[in-house]
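>>> following is a predicted model, sequence given first.
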Amino acid sequence: ESPLLPPPTSRRSKFQSKPNPDINFATEIGQGLLIEVRKLQNIIQEKEETIRRLTENEQKDIQRQLKQREEIEERLKEENWNLEVANQDLLSHLTESNQTIARHNTDYLRLTKHIKEQSEQMEIMKAQEEKKSSMIEAMKARHEQEMHQLRRHAANGQRENTQIQQQVDTLLTELKICKAKLTIKQTVQSRTEEGAESEEGAEVDVDSPRPQTVGKQQPNKALIETETLKQSLAHAHRIISNLRTSAHKEKLEKFELKKMLSDSQETIEQLRKEPLQKRKQPKKKQHQKKKRGISRKPRG
């Protein structure tokens, strides 16, 4: 029974005082109301069942959505964590990159300064090289001039040496001739003296002073010629000694000139090699610094 209807005792007490038509009418109304109430109760039960079913479905949907949200939230948390880790990695890489850039900038400034210094040194070396080149050209010209003078001097010395040798040969020939003449004259003189002595012992004539004077004149002439030959011989020896001395002096001068030429050639070679050595040294240093820079790169 529905709580909306009054209790039956009260209805009976209410309708007992009324006539029967009213009771019947009320009974019909009550029955109709009961039917309506039952219908309403059935409808309410159906609606409650529908509500319960809808509520269960909605709860299932809500639970499914909550589960999906939890899964999405977990996935988003994981993605957020991964992004945070990636962000930390990127920040560390960025810090390292900034440090590397700062180090590279420092290296770049140092290399720029070094290149500027090397350029200045190269300009100085270029000026020195040009100066040395002009010196080398001047030394070459002087060397060629000295070589020309040396050749001319050598040719003159060779020619003078030939002339001196010819003079020596001529003097030696004359010396041999003089020696032969002196020997012959000494032999003739000794023989004439022996003949004069034999004639003085054999002749006793008073008019014999003429051959004696002839004999006296011949030894005096022979002595004069002998002295002359001796003087000529001594003069020839002196000339030969002077010629030998001059030839030795010319040899010494040639040796000194050759030594000076060799020294000048060595000086020229050293002047040529010095710029090349100075050029190679900065390249080696730059190559070593490049190697150091390459070895530093993996740290960045």
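Alright, I've got the coordinates.
>>> could you list the buried residues of stretch 162-181?
Neighbour counts over stretch 162-181 (16 or more other Cβ atoms under 10 Å) mark Ile164, Val168, Leu171, Leu175, Cys178 as buried. Backbone N, C-alpha and C define where each C-beta goes, glycine included.
>>> for that stretch, give the mean pLDDT please.
Averaged across stretch 162-181, the pLDDT comes to 82.
>>> rewinding a little: of the buried residues of stretch 162-181, which belong to helices?
Ile164, Val168, Leu171, Leu175, Cys178 (DSSP state H).
>>> OK, contacts around the last one?
Right, the one you point to is Cys178. Leu229, Ser232, Leu233 (Cβ atoms under 8 Å, 6 or more residues apart in numbering).
>>> so which helix or strand takes in the first one?
Right, the one you point to is Leu229. According to DSSP states H and E, Leu229 maps onto helix 209-296.
>>> report the distance from the one helix or strand Phe25 maps to to the chain centre.
Phe25 is part of helix 20-202, with elements assigned from DSSP H and E. Chain-centre distance of helix 20-202: 12 Å, with Cα atoms, centre = their mean, to the nearest Å.
>>> returning to that earlier point: quick check: the farthest pair among the ones in helices among the buried residues of stretch 162-181?
Ile164 and Cys178 (19.9 Å; Cβ to Cβ).
>>> low-confidence regions, the stretch 101-250 of the chain specifically.
193-222 (pLDDT under 70).
>>> run a quick neighbour tally on Glu79.
Using other Cβ atoms under 10 Å, Glu79 has 10 other residues around it.
>>> what do you get for the one 5 residues further on?
Glu84: 10 surrounding residues under other Cβ under 10 Å.
>>> quick one: it from Leu76, how far?
Per Cβ to Cβ, to the nearest Å, Glu84 is found 12 Å from Leu76.
>>> kindly report the same for Gln31.
The value you get for Gln31 to Leu76, if Cβ to Cβ is used, is 64 Å.
>>> ditto for Asn242
Taking Cβ to Cβ, one finds Asn242 at 122 Å from Leu76.
>>> same thing with Arg52?
Arg52 is 35 Å from Leu76, by Cβ to Cβ.
>>> same thing with Phe25?
Taking Cβ to Cβ, one finds Phe25 at 71 Å from Leu76.
>>> next: Leu66.
Taken as Cβ to Cβ, the span from Leu66 to Leu76 is 15 Å.
>>> same thing with His114?
Taking Cβ to Cβ, one finds His114 at 54 Å from Leu76.
>>> give me the more crowded residue out of those two.
Each of His114 and Leu76 has its neighbours counted (other Cβ under 10 Å); His114 has more, 15 against 12.
>>> enumerate every residue touching His153.
Applying Cβ under 8 Å, 6+ apart, the residues contacting His153 are Glu253, Lys254, Leu257.
>>> now do stretch 258-269: everything it contacts.
Ile136, Met139, Lys140, Arg142, His143, Glu146, Met147, Leu150.
>>> name only those of these that count as buried.
Ile136, Met139, His143, Glu146, Leu150.
>>> CA atoms only: put stretch 97-106 into CSV for me.
Provided in CSV are the C-alpha atoms of stretch 97-106 (Å, rounded to 0.1, in the frame of the first residue of the first chain):
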residue,chain,number,x,y,z
SER,A,97,78.7,23.7,-25.5
ASN,A,98,78.9,27.1,-23.9
GLN,A,99,82.1,26.1,-22.2
THR,A,100,83.4,24.7,-25.5
ILE,A,101,82.4,27.8,-27.3
ALA,A,102,84.1,30.0,-24.7
ARG,A,103,87.2,27.8,-24.9
HIS,A,104,87.2,27.9,-28.7
ASN,A,105,86.7,31.7,-28.6
THR,A,106,89.7,31.9,-26.2
